[in-house]
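Asker: Sequence and predicted model, in that order:
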Amino acid sequence: MPGLLRGVARTAVVAGTATAVSNRVSRRQQGRWAEQEYQQAQQQAAPQPVAPAPVAATTPLTDDMSSKIDQLKQLGDLKAQGVLTEAEFAEQKRRLLG
């Protein structure tokens, strides 16, 4: 009788372990499928990027234009660093381009 009880107990442990592992694998796989479906839905819902229009041939930049571009870059850097507020940046840009 003790041998039979030990065999039944062993079978129960093995079956319980197999069930637990199977359930865990199943949950993990369902999570992966759900993530893939979510990513596919996000890709379909995201607007497709528009290709930029081809740039027409332009005249070379003059020194004045180059100077203004450099100044705009400096203003942008100051704004990014937090030295200029959005309003101050807009005002300086308007003065520079105006």
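Answerer: Looks like it arrived, so ask away.
Asker: Pop the domain breakdown of this protein in here.
Answerer: The chain breaks down into these domains under automatic domain parsing: 1-46, 63-97.
Asker: out of those domains, deepest packed?
Answerer: Most buried of the domains of the chain by mean neighbour count (mean count of other Cβ atoms under 10 Å) is domain 63-97; its value is a mean of 12. All C-beta spots, glycine's among them, are computed from the backbone N, C-alpha and C.
Asker: any idea how far that domain is from the chain center?
Answerer: Taking the mean of its C-alpha atoms, domain 63-97 sits 29 Å from the chain's own mean (Cα atoms, centre = their mean, to the nearest Å).
Asker: State the distance spanning the first to the last residue of it.
Answerer: Between the start and the finish of domain 63-97 there is a gap of 15 Å, counting by Cα to Cα, to the nearest Å.
Asker: related to what we said a few turns ago, export the domains of the chain to a markdown table and tack on mean pLDDT?
Answerer: Rendered in a markdown table, the data for the domains of the chain read as follows (pLDDT from 0 to 100):
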| stretch | mean pLDDT |
| --- | --- |
| domain 1-46 | 83 |
| domain 63-97 | 86 |
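Asker: separation between residue 32 and residue 94?
Answerer: The span separating residue 32 from residue 94 equals 53 Å under the rule Cβ to Cβ, to the nearest Å.
Asker: again, but for residue 9
Answerer: 84 Å.
Asker: give me phi/psi at residue 83?
Answerer: Its backbone dihedrals place residue 83 at phi -70, psi -40, with angles given as degrees, to the nearest 10.
Asker: same check, this time on residue 84
Answerer: phi -110, psi 140.
Asker: Make sure it is actually in contact with residue 75.
Answerer: Yes. Contact between residue 84 and residue 75 holds when scored by Cβ atoms under 8 Å: they sit 6.8 Å apart.
Asker: what touches both of those two?
Answerer: Taking Cβ atoms under 8 Å, 6 or more residues apart in numbering as the contact rule, residue 84 and residue 75 both touch residue 92.
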